[in-house]
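>>> below are the sequence and a predicted model; questions follow.
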Amino acid sequence: MAERKVLCVKLKKELPGLEEPPFDTELGRKIYENVSQEAWDSWTEFCKMLLNEYRLNPARREDQEVIVKQMDQYFFGEGVAPPKEYVPPAQK
């Protein structure tokens with residue numbers, strides 16, 4: 001089967017898309033149709049930082065709502081910035 005391509009809203013170019021929607025919601029479908037695998041991978045790394053910096057627990061509904069809101073902004077809004085206190089790890 002040919003690789004599915006999308007015009008990625010985040011990276012502004014045609015790239016391989018996700019193999020399936022990341023979750024079964026309207027936002028999951030929107031991401032599947034408009035976000036490349038490369039952009040999704042960069043989101044997962046950014047999300048790890050958010051989870052750690054804000055001490056979010058993905059099992060808590062309130063924290064899930066924060067993550068979903070950040071994800072929507074990351075792909076379809078103005079984007080999101082790391083927390084003010086965030087210090088990137090030193091390059092090796």
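On my side now, so go ahead.

>>> alpha carbons only for contacts and neighbour counts from here, please
Fine.

>>> could you check how many residues crowd around the nearest residue to residue 47 once chain neighbours are set aside?
Closest residue to residue 47 apart from its sequence neighbours, by C-alpha to C-alpha, 6 or more residues apart in numbering: residue 67 at 7.6 Å. By other C-alpha atoms under 10 Å, the residues close to residue 67 number 18.

>>> please enumerate the helices of this protein.
26-34, 37-53, 61-76 (DSSP state H).

>>> the last one packs against which elements?
What it means is helix 61-76. Applying 3 or more C-alpha pairs under 8 Å, 6 or more residues apart in numbering; DSSP states H and E, one finds that helix 61-76 contacts helix 37-53.

>>> residue 81 and residue 70, how far apart?
As judged by C-alpha to C-alpha, to the nearest Å, residue 81 and residue 70 stand 10 Å apart.

>>> so between those two, which is more surrounded?
residue 70 (19 against 11).
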